[in-house]
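**Q** How does the following fold in three dimensions:
(one chain, ligands or ions: 1)
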Amino acid sequence: MAATRRLSHSVAVITINNPPVNALSSSVRHGLVKEFGEASKDPSVKAIVLSGASGKFSAGADIREFSTSAMKTVSLEDINATIEASRKPVVAAIEGVALGGGLELALACHYRVANAQSRVGLPEVLIGILPAAGGTQRLPRLIGVPAALDVIVRGRDLDKRRLSINHVPSNPNMEYFLDTAVEKAKKQFRGAQAPIACIEAVRASVQKPYHHGIEKERQLFLSLWATGQPQAQQYAFFSERNVGKWTHPSGGRWDNVKPKPVRTAAVIGLGTMGRGIVTSLAKANIPVIALEQDAQQLETGKKAVNALLEREAEKLVKQGLTPAATLASVCFTLDFAELSAVDLVIEAVYENMKLKKEIFSKLSSVCKPDAFLCTNTSGLDIDEIASVTNHPDLVIGTHFFSPANIMRLLEVVRGHQTSLTTIATAMNLGKILGKVAVLVGNCPLFVGNRLLGPYLEQANYLLEDGCYPEDVDKVLEDFGFAMGPFRMMDLAGLDVGWRSRMEKGLTGNKVPPGTPARQRQGYRYSPLPDMLCEIGRYGQKAGKGWYQYEKPGGRFAQPDPWVKDFLQKYRETHQIRPRPVNPELILERCLYALINEGFRVLEDGIASGPEDIDVIYNNGYGFPKHRGGIMYHASTLGVAKVLDVLDTYYRENPDVPSMKPAFLLKKLAAVGGPPLKEWRTQVGSLVNKL
Ligand SMILES: CCCCCCCC/C=C\C/C=C/C(=O)SCCNC(=O)CCNC(=O)[C@H](O)C(C)(C)COP(=O)(O)OP(=O)(O)OC[C@H]1O[C@@H](n2cnc3c(N)ncnc32)[C@H](O)[C@@H]1OP(=O)(O)O
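**A** Numbers count the residues shown, from 1 in each chain. Take a look at the predicted model:
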């Protein structure tokens, strides 16, 4: 786990060896104590070098040990204190990664040398804790409080090499500076405790001698641990890694099916999604052909892609890096024939089955026979799209999230005939693009958007019952969501859902005459969003929706007196007596709707485990990571409680079928509410559609 070798006569090199990332597990820590003790005692050793095997210094504490008694054995800070106190010079030789406890170890050394490619940082805050092995005390002493806060509170990597691009630390009014940082972190991280604890620990480095600071750091760690947030965030961390390990009932798996290389790609359609996808491919150095249907749209798309690439380049330059992606790696065309040699195509035209089928049929005749054909649909049937091609086994859904060059989530949707190689290639492409790819089954709206349905339905019912959009949004944003449902609808555009409801005959002229306004097929229905669309209130892009904005396309949502008046009149028309709905109830109704649909997705075999749903919702829909995810949250509430609340609601509202408790939820409650990691086994007995 840690071994020493001698260089020349006098230098001892201690190497941490714990594949794959040299995490500082209990046995590594014991190894370090032993090797360091021996090197210190050996009179022939004049200097000690600490390094990591396989080109990685260390990714920090072993996160899997946090919930175990192994944490209580020899502490990293004790090791750090011993290293720092050494009379012999100790040098950290950093390669690859020095993250978290790995960097704290390096900070305790007397000198640090790093190769130019190393990633150095304190990402503890991202898994709900703080750097509690002296990091919050030593880093401010090394680089000053403002720079240290930036690294510790945001979990950012330290700038690679070019110190000249850093601001000179200046702190005339430290208390005010730190108080402001706390206020900012509260707003930015919405309920996450780790960033606040990080700031308080750094405050201790300013106010107190080192050993007091270290004590404070430890106390803060322990109180953070008691909040449950670290456990939730660490679950989210491992879930993101687990979803890459996809499996298929036929026995195909991530580790026994080889992806094909994607050397060239094409994107069809240069609307918002297409532009982002082209940029994402170009950033990953994949030459891409971008196709539009007419010269004007092609030119507009080209300008937009250029602007996105420039923005990406600016970001890299600010970090002291050299941008690789340029417009030169993108070829713009109107001619399908130019797609004849590409390895993979991503269709990103608007959501219309007829159009998508026309495109796929054309692709099937112009592309080479082994080209992978992906559709960026956000919910249409992959099998129907595949049915018009010669090779339905090469067709797969790649559902990107907007803006596609920034959002990390990629839902990879497998059709019934999609081959294992196609799955492996799409999942691998996600990785190459720097995304977290989750394999899901084919059902209307897939996983993420399917869950949105019952959630938005409840949000609309809350307006009918007496709430206003800002009341509902506030509750969900206070819970930690990046955005409440109404701000989210305004951002996405209300017309998207409206068009889909018109196609389904839920609104517009296909609704049978005599249908009650608030009912469809005997079930409760809220026509509120349709009514907004009918008068052009499509959301942000129209300058008005559930809120009003400073201008069309404006971003600053303001409660709109018109909406208040509209809702009051609506309630009067339908003789609804408004009643106060307390925040707990708002939260419960929206969250439980999400959770229940999550259980249905699992029982339908559309997602292979609760972690998959959580990764999708955390990364695509702004669910707060410090709460783990929707399904993780359900497990902390307890399935019995969730079932009880849903049961009560459904008994009182039998016309809202989305709240009828899922079969799997009942099954889990019946077997005593096993821990989340055992849920897959319960799902296993149900039909797997993946
Ligand atoms: C009880 C109270 C006592 C109070 C005292 C408290 C003492 C606290 C002590 C010290 C504080 C220090 C805390 C920490 O150091 S926390 C850890 C901080 N480090 C991180 O968050 C880094 C996390 N890892 C990564 O970002 C990446 O994994 C990477 C950049 C290192 C490598 O990325 P990549 O090459 O893409 O590989 P993967 O992400 O897929 O990872 C490979 C493999 O390794 C596992 N893994 C990664 N990091 C860790 C880790 N720190 N601990 C355990 N396991 C880790 C990862 O899960 C993958 O595993 P696999 O899926 O099984 O292959």
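**Q** quick one: P259 and T422 touch, right?
**A** No: with contact defined as Cβ atoms under 8 Å, P259 does not count as touching T422 (9.2 Å). C-beta here means a position set from N, CA and C on the backbone, and glycine is covered the same way.
**Q** More neighbours: those two, which one.
**A** It is T422, of P259 and T422, that has more neighbours when counted by other Cβ atoms under 10 Å, with 26 against 19.
**Q** Any chance you could list what contacts the helix or strand where that one lies?
**A** If you go by DSSP states H and E, T422 is part of helix 420-432. The contact list for helix 420-432, computed with Cβ atoms under 8 Å, 6 or more residues apart in numbering, reads 244, 246, 248, 250, 252, 254, 257-260, 262, 284, 286, 344, 372, 374, 393-396, 398, 410, 412, 414, 436-437, 439.
**Q** do that again at 6 Å, thanks
**A** Under the criterion Cβ atoms under 6 Å, 6 or more residues apart in numbering, residues 252, 257, 259-260, 262, 284, 372, 394, 396, 398, 410, 412, 414, 437 lie in contact with helix 420-432.
**Q** contacting residues around L130?
**A** Counting by Cβ under 6 Å, 6+ apart, L130 touches E124, A194, A197, C198, A201, L220.
**Q** between these, which is closest to V656?
**A** Using Cβ to Cβ, A194 comes nearest to V656 of the contacts of L130, at 37.3 Å.
**Q** Next, count neighbours for that closest one.
**A** Per other Cβ under 10 Å, the neighbour tally for A194 reads 26.
**Q** quick one: contacts for the residue lying closest to it once chain neighbours are set aside?
**A** Nearest non-adjacent residue to A194, counting by Cβ to Cβ, 6 or more residues apart in numbering: V125, 4.5 Å away. Counting by Cβ under 6 Å, 6+ apart, V125 makes contact with G155, A194, P195, C198.
**Q** Helix, strand or coil: sort out V125 for me.
**A** Recorded secondary structure, V125: helix (DSSP: H, G, I helix; E, B strand; the rest coil).
**Q** Tell me, how many residues neighbour whatever residue of the stretch 501-650 of the chain ends up closest to the ligand?
**A** Residue nearest to the ligand within the stretch 501-650 of the chain (Cβ to the nearest ligand atom): E611, separated by 11.9 Å. A count of neighbours around E611, defined by other Cβ under 10 Å, yields 26.
**Q** what's the single longest helix in the chain?
**A** Across the chain, the longest stretch assigned as helix under DSSP state H is helix 295-318.
**Q** Which SSE is immediately downstream of it?
**A** Beyond helix 295-318 in the direction of the C-terminus, DSSP H and E gives the next helix or strand as strand 330-333.
**Q** circling back: could you dump the contacts of L130 to a markdown table with pLDDT, distance to L327 and secondary structure?
**A** Listed next are the contacts of L130 as a markdown table, based on pLDDT from 0 to 100; distance: Cβ to Cβ, whole Å; DSSP: H, G, I helix; E, B strand; the rest coil:
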| residue | pLDDT | distance to L327 | secondary structure |
| --- | --- | --- | --- |
| E124 | 97 | 39 | helix |
| A194 | 97 | 40 | helix |
| A197 | 97 | 44 | helix |
| C198 | 96 | 40 | helix |
| A201 | 95 | 45 | helix |
| L220 | 97 | 48 | helix |
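**Q** got those residues as TSV, with distance to the ligand columns?
**A** Listed next are those as TSV, based on distance: Cβ to the nearest ligand atom, whole Å:
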residue	distance to the ligand
E124	5
A194	11
A197	12
C198	12
A201	11
L220	10
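**Q** Distance to A47 for those residues - can I get that in CSV?
**A** Formatted as CSV, the contacts of L130 follow (distance: Cβ to Cβ, whole Å):
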residue, distance to A47
E124, 30
A194, 36
A197, 36
C198, 33
A201, 31
L220, 35
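**Q** Show me which pair in those is furthest apart.
**A** Farthest apart among the contacts of L130 by Cβ to Cβ are E124 and L220. That separation is 11.3 Å.
**Q** between these two, who's got more neighbours?
**A** When E124 and L220 are compared on other Cβ under 10 Å, the one with more neighbours turns out to be E124, at 31 against 23.
**Q** Looks like that one contacts G101 (just checking).
**A** No: counting by Cβ atoms under 6 Å, E124 stays clear of G101, with 8.3 Å between them.
**Q** What is the neighbour count of N428?
**A** For N428, using other Cβ under 10 Å, the count is 19.
**Q** returning to what we had before: among the contacts of V125, which one lies nearest to A634?
**A** Closest approach to A634 among the contacts of V125 (Cβ to Cβ): A194, at 22.5 Å.
**Q** Tell me which residue of the stretch 401-550 of the chain lies closest to the ligand.
**A** Nearest residue of the stretch 401-550 of the chain to the ligand (Cβ to the nearest ligand atom) works out as K431 at 8.6 Å.
**Q** Using the three-state scheme, assign I396.
**A** Under three-state DSSP, I396 comes out as strand.
**Q** okay, now it: neighbour count?
**A** 29.
**Q** Let me see the contact set for it.
**A** Counting by Cβ under 6 Å, 6+ apart, I396 touches C374, T418, T422, A426.
**Q** now those in a markdown table, with pLDDT and distance to D495?
**A** Shown next, in a markdown table, are the contacts of I396 (pLDDT from 0 to 100; distance: Cβ to Cβ, whole Å):
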| residue | pLDDT | distance to D495 |
| --- | --- | --- |
| C374 | 98 | 26 |
| T418 | 97 | 31 |
| T422 | 98 | 33 |
| A426 | 98 | 30 |
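**Q** Off-centre distance for whichever strand or helix holds N80?
**A** Following DSSP H and E, one finds N80 within helix 76-85. In terms of Cα atoms, centre = their mean, to the nearest Å, the centre of helix 76-85 is found 35 Å from the chain centre.
**Q** what angle separates the helix or strand that comes right after that helix from helix 76-85?
**A** Next along the chain after helix 76-85, taking DSSP H and E as the criterion, comes strand 90-94. Angle between the axes of strand 90-94 and helix 76-85 is 120 degrees (criterion: axes from the mean of the first three to the mean of the last three Cα atoms, to 10 degrees).
**Q** So which residues lie in contact with the next helix or strand after strand 90-94, not counting its own?
**A** Per DSSP H and E, strand 90-94 leads on to strand 97-99 as the next helix or strand towards the C-terminus. Strand 97-99 has contacts (Cβ under 6 Å, 6+ apart) with K56, F57, A59, G60, A106, R119, V120, G121, P123.
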